[in-house]
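*Asks:* okay, structure incoming, though there's no sequence with it:
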């Protein structure tokens, strides 16, 4: 493809060749845009390997925390968890998001709730 500059003006006879060059460049741009769109789609899709269910033990190992700390987080609603019956299930992608957000959940605990939790804990030690 020939580059056109001000020193080399396009003549009427050059129009078919210039149009051909322009169409080729447009095709290359469209192909590049399609490739970029596909890369973006692939990067935005959740990989099924990230949505892995884990039990309490596996979640503790993944987060490198003690079971007692995990149960405290669960009791206080500080960690994303699903409960079915007596069994807790965590999902790896939810835990990753939780850690990335600074270990914060949407649910905020009021002062009264904190005092209630602390009073329960102190009564157990007696």
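*Replies:* Thanks, I have the structure now. Since the structure is predicted, the reported quantities are computational estimates derived from the model, not experimental observations.
*Asks:* give me the low-pLDDT residue ranges for the protein?
*Replies:* 1-6, 44-49, 105-110, 121-126 (pLDDT under 70).
*Asks:* start from the N-terminal end of it and give the strands.
*Replies:* Taking DSSP state E as the test, the strands found in the chain are 53-54, 82-84, 87-91.
*Asks:* list of residues touching the second one?
*Replies:* For strand 82-84, contacts defined as CB atoms under 8 Å, 6 or more residues apart in numbering pick out 88-91. C-beta coordinates here come from the backbone N, C-alpha and C atoms, glycine included.
*Asks:* in TSV: the strands of the chain, plus mean neighbour count and distance to residue 40.
*Replies:* Formatted as TSV, the strands of the chain follow (neighbours: other CB atoms under 10 Å; distance: least, CB to CB, whole Å):
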stretch	mean neighbour count	distance to residue 40
strand 53-54	14	28
strand 82-84	9	30
strand 87-91	16	24
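*Asks:* please convert those to CSV, extending it with distance to residue 73.
*Replies:* What follows is the strands of the chain, written out as CSV (distance: least, CB to CB, whole Å):
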stretch, distance to residue 73
strand 53-54, 14
strand 82-84, 13
strand 87-91, 10
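*Asks:* residue 35 is nearest to which of those strands?
*Replies:* Residue 35 lies closest, by CB to CB, to one member of the strands of the chain: strand 87-91, at 31.9 Å.
*Asks:* partner strands of that closest one, with direction?
*Replies:* Strand 87-91 has the following strand partners under DSSP bridges: strand 53-54 (antiparallel), strand 82-84 (antiparallel).
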